[in-house]
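Chemist: how would this look folded up:
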Amino acid sequence: MAARKVPMRQCIGCREMKEKSNLIRVIRTPEGDVCVDVTGKKNGRGAYICRSLDCFQKAVKTKGLSRAFQREIPGEVYERLKKEFELL
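Modeler: Take a look at the predicted model:
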C-alpha cells in the first residue's frame, strides 16, 4: 500500500512549511470577516499560522495577514484573533 501524501502549508509568521494538521487556519469570508477556522473547512480565503503566539505576533508585525488576504486588516480584528489564539 502506498504512503499517503501529507498536505503542507506555509506559516505566515515564521514562513516555514509544516503539516497542515499542525497549523491553525485563519479565513477571510466572502462577506469580508476575518476569523479563526477551527474545522479547516469553512468557505473563504485561508491563511495558516503555527499554534504558537510568537508566530501570530510575527504575522502581525510583518502584516502577513494583510498580504495573504490582499486587504488591510484593522487593529481590532488582530485583537480578536489574539484572544481566539490564546483560547486554543
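
Chemist: what comes into contact with the lowest-mean-pLDDT helix or strand in the chain?
Modeler: One helix or strand of the chain scores below all others by mean pLDDT, DSSP states H and E: helix 75-87, with a mean of 87. Outside of helix 75-87, the residues within contact range by CB atoms under 8 Å, 6 or more residues apart in numbering are Ile24, Val26, Val34, Cys35, Val36, Ile49, Leu53, Phe56, Val60, Leu65. (Glycine included, C-beta is placed from N, CA and C.)

Chemist: Okay, and the first one sits in which element?
Modeler: Ile24 is located in strand 23-28, with elements delineated by DSSP states H and E.

Chemist: so after that strand, what's the next helix or strand?
Modeler: Following strand 23-28 in sequence, per DSSP H and E, is strand 34-37.

Chemist: and Asp33, how many neighbours does it have?
Modeler: 10 (other CB atoms under 10 Å).

Chemist: thinking again about what came up before, and the angle from the least confident helix or strand of the chain to strand 23-28?
Modeler: 150 degrees (axes from the mean of the first three to the mean of the last three CA atoms, to 10 degrees).

Chemist: then helix 75-87 to PDB, C-alphas only?
Modeler: What follows is helix 75-87, C-alpha atoms only, in PDB (Å, rounded to 0.1, in the frame of the first residue of the first chain):
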ATOM      1  CA  GLY A  75      -6.300  46.500  14.600                       C
ATOM      2  CA  GLU A  76      -9.400  45.300  16.400                       C
ATOM      3  CA  VAL A  77      -9.500  42.200  14.200                       C
ATOM      4  CA  TYR A  78      -5.900  41.400  15.300                       C
ATOM      5  CA  GLU A  79      -7.000  41.800  19.000                       C
ATOM      6  CA  ARG A  80     -10.000  39.500  18.500                       C
ATOM      7  CA  LEU A  81      -7.800  36.900  16.700                       C
ATOM      8  CA  LYS A  82      -5.200  37.100  19.500                       C
ATOM      9  CA  LYS A  83      -7.900  36.200  22.100                       C
ATOM     10  CA  GLU A  84      -9.000  33.300  20.000                       C
ATOM     11  CA  PHE A  85      -5.400  32.100  19.700                       C
ATOM     12  CA  GLU A  86      -5.000  32.200  23.400                       C
ATOM     13  CA  LEU A  87      -8.000  30.000  23.900                       C
END
